[in-house]
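**Student:** This is a predicted model, with the sequence first.
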Amino acid sequence: MLKLTKTDLHTFLRTRRSIRRFKPDAVPDSVLRDVLITATFAPSAHNRQPWRFCVVTELSAKENLARAMAAEFKRELEADQFSQDEIQKRVTRSCEKIKGAPVIIMLCMDMSEMDQYPDTRRQATEHIIAAQSTANAGMQLLLAAHAEGLGGVWVCSPIFAQEIVQTALNLPRAWEPQAMFLLGYPDEQPEVRKRKPIDEIVKWIQSQPEVGLSQER
């Protein structure tokens, strides 16, 4: 069994990229199944595993999804008063991405097995931690895809059109679309994007000896 060093593992994690251009090659079902199984090993609140996955590889289903989401996207852009040229450009680009990806995995959240509370504050919090749990599975999915030599990109637009996505994919009503992942064998090698310095985004709180107490034990 191949054993990764910690350096190998850090390198693997740091070399994942968001891939938006794919080769036309089909992804074997066996590979997708392994990716999905690994995704389910993500941590979740209360171990309820609220994630659900809809895998789309059929072109007609992609086209139907693209049309449905494009119509809603167009309405939103018109409401935001974008020019017709800009609207057409954005909608066309969105449709091409969906139809051009060999695989679409719609990541959904199911609240039916999460805790129920009588007050709105705790119920809203339960919804948040279910969404966080589902997001954990999404990140695990991207890393599993990376391990298989696949490229992928996280797309957040389904959360703006949940009912439309549910209808387009004939999803159970309990499945709330959260994001979709476009997957395939990469046809690009994006440069590393600059990361914010650790000192700007981390606050260290470390134990300090209390004043006046002896350090002898």
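**Tutor:** Cool, the structure landed.
**Student:** Would you list the phi and psi of the closest residue to Val55 other than its chain neighbours?
**Tutor:** Distances taken as C-beta to C-beta, 6 or more residues apart in numbering put Ile105 closest to Val55, at 5.5 Å, once the chain neighbours are dropped. C-beta here means a position set from N, CA and C on the backbone, and glycine is covered the same way. The phi and psi values for Ile105, taken as degrees, to the nearest 10, are phi -120, psi 110.
**Student:** what residues are up against Ile105?
**Tutor:** Contacts of Ile105 were listed using C-beta atoms under 8 Å, 6 or more residues apart in numbering, and they are 32, 36, 53-56, 141, 180-181, 183.
**Student:** for Gly151, same thing?
**Tutor:** Each residue near Gly151 by C-beta under 8 Å, 6+ apart is listed here: 17, 19, 22, 145, 183-186, 188.
**Student:** Glu78 too?
**Tutor:** Glu78 neighbours (C-beta under 8 Å, 6+ apart): Ile87.
**Student:** try Phe160
**Tutor:** Going by C-beta under 8 Å, 6+ apart, the list of residues near Phe160 reads 72, 76.
**Student:** Output the contacting helices and strands for the longest strand seen in the chain.
**Tutor:** With secondary structure taken from DSSP state E, the chain has its longest strand at strand 175-184. In terms of contacts (3 or more C-beta pairs under 8 Å, 6 or more residues apart in numbering; DSSP states H and E), strand 175-184 is packed against strand 103-110, helix 120-147, strand 151-155, helix 162-169.
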